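Participant: Make a model of this:
(2 chains)
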Amino acid sequence: EDKVVQSPLSLVVHEGDTVTLNCSYEVTNFRSLLWYKQEKKAPTFLFMLTSSGIEKKSGRLSSILDKKELSSILNITATQTGDSAIYLCALIQGAQKLVFGQGTRLTINP
Amino acid sequence: KAGVTQTPRYLIKTRGQQVTLSCSPISGHRSVSWYQQTPGQGLQFLFEYFSETQRNKGNFPGRFSGRQFSNSRSEMNVSTLELGDSALYLCASTGTAPNYGYTFGSGTRLTVV
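Facilitator: Got it, this is the predicted structure:
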């Protein structure tokens, strides 16, 4: 069965630290990998990764997909308390379905 | 451009009852998918509709059903509610190629007592 595994499941760091969140997958066929941030209810879109080895950046956040290693990482530098959230990784299967990992709960302490 | 609208925001139901949740996608989006989020199972795919047709269904019992109307609004129905159906139900609206962005609504928090 297709599987997406995120690690760590929970992470607590101090403001200003840099964090790396991991997403590994055992999926036979997918089009793209997505990262979302979920603070209260609606997951909000961060990145869509389709090609291996191409880093995407948005401010202090960056992400890259490694299809050889079947994984992706999400980096957040100079973390702020507003970065506290659950970070979700998902794969798009066909045009119809997202397969999610369990999420990483990130807590940034001041 | 308005986002994805889900109603109601909160619901409390009793075991055995049924419930209907609504999702209005982003204007112009024809695909709507539904997800159940629980602390134990995370986000799990329920089903997806495109142009009033269900194209894919997740591994949920037949008590979970849905439909989509000609204006792309979608509803999902859960019959004979069980305590384990308590969850956040999210819908996502998807555009057409090449912009397969999935935009989520704020969800409906269903509590079954």
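Participant: going forward, measure contacts between C-alpha atoms and count neighbours the same way
Facilitator: Noted.
Participant: Would you mind checking which helix or strand in chain B has the lowest mean pLDDT?
Facilitator: For chain B, the helix or strand with the lowest mean confidence is strand B:102-104, at a mean of 91 (criterion: mean pLDDT, DSSP states H and E).
Participant: Could you confirm whether that one reaches chain A?
Facilitator: Yes - contact of strand B:102-104 with chain A (CA under 8 Å from any CA of the partner chain) involves B:Tyr102, B:Thr103, B:Phe104.
Participant: I'd guessed A:Asn109 sits against A:Val12; true?
Facilitator: Yes - A:Asn109 is in contact with A:Val12 according to CA atoms under 8 Å; the separation is 7.2 Å.
Participant: between the two, who's got more neighbours?
Facilitator: The neighbour count for A:Asn109 versus A:Val12, taken as other CA atoms under 10 Å in any protein chain shown, is higher for A:Asn109 (15 against 12).
Participant: List the beta-bridge partners for the more buried one.
Facilitator: Beta-bridge partners for A:Asn109, by DSSP bridges, are A:His14.
Participant: before we move on, back to that, of the residues of strand B:102-104 next to chain A, which is the most crowded?
Facilitator: Result: B:Phe104 is most packed of the residues of strand B:102-104 next to chain A (other CA under 10 Å), 27 neighbours.
Participant: Let me know whether that residue touches B:Tyr89 as I believe.
Facilitator: No - contact criterion CA under 8 Å: B:Phe104 and B:Tyr89 do not qualify, at 10.4 Å.
Participant: and the residue of chain A found nearest chain B, what helix or strand is that in?
Facilitator: Relative to chain B, the nearest point of chain A is A:Ala42 (4.2 Å; CA to the nearest CA). According to DSSP states H and E, A:Ala42 maps onto no helix or strand at all.
Participant: what about it, neighbour count?
Facilitator: Count around A:Ala42 with other CA under 10 Å applied: 19.
Participant: how near is it to A:Cys23?
Facilitator: 20 Å (CA to CA, to the nearest Å).
Participant: show me the contacts for the closest residue to B:Ser24 other than its chain neighbours.
Facilitator: Here the nearest residue to B:Ser24 in space, its sequence neighbours aside, is B:Arg73; by CA to CA, 6 or more residues apart in numbering or on different chains that works out to 4.6 Å. With contacts defined as CA atoms under 8 Å, 6 or more residues apart in numbering or on different chains, B:Arg73 is in contact with B:Ser22, B:Cys23, B:Ser24, B:Pro25, B:Val32.
Participant: Residues in a beta bridge with residue 44, which ones?
Facilitator: In the absence of a named chain, this looks at chain A. When assigned by DSSP bridges, A:Thr44 has beta-bridge partners A:Lys37.
Participant: that's the other chain; I wanted chain B
Facilitator: Under the criterion used (DSSP bridges), B:Gln44 bridges to B:Gln36.
Participant: swap in the one 10 residues further on?
Facilitator: Per DSSP bridges, residues listed as beta-bridge partners of B:Gln54: B:Tyr49.
Participant: cool, B:Tyr102 as well?
Facilitator: Residues in beta-bridge contact with B:Tyr102 (DSSP bridges): B:Thr94.
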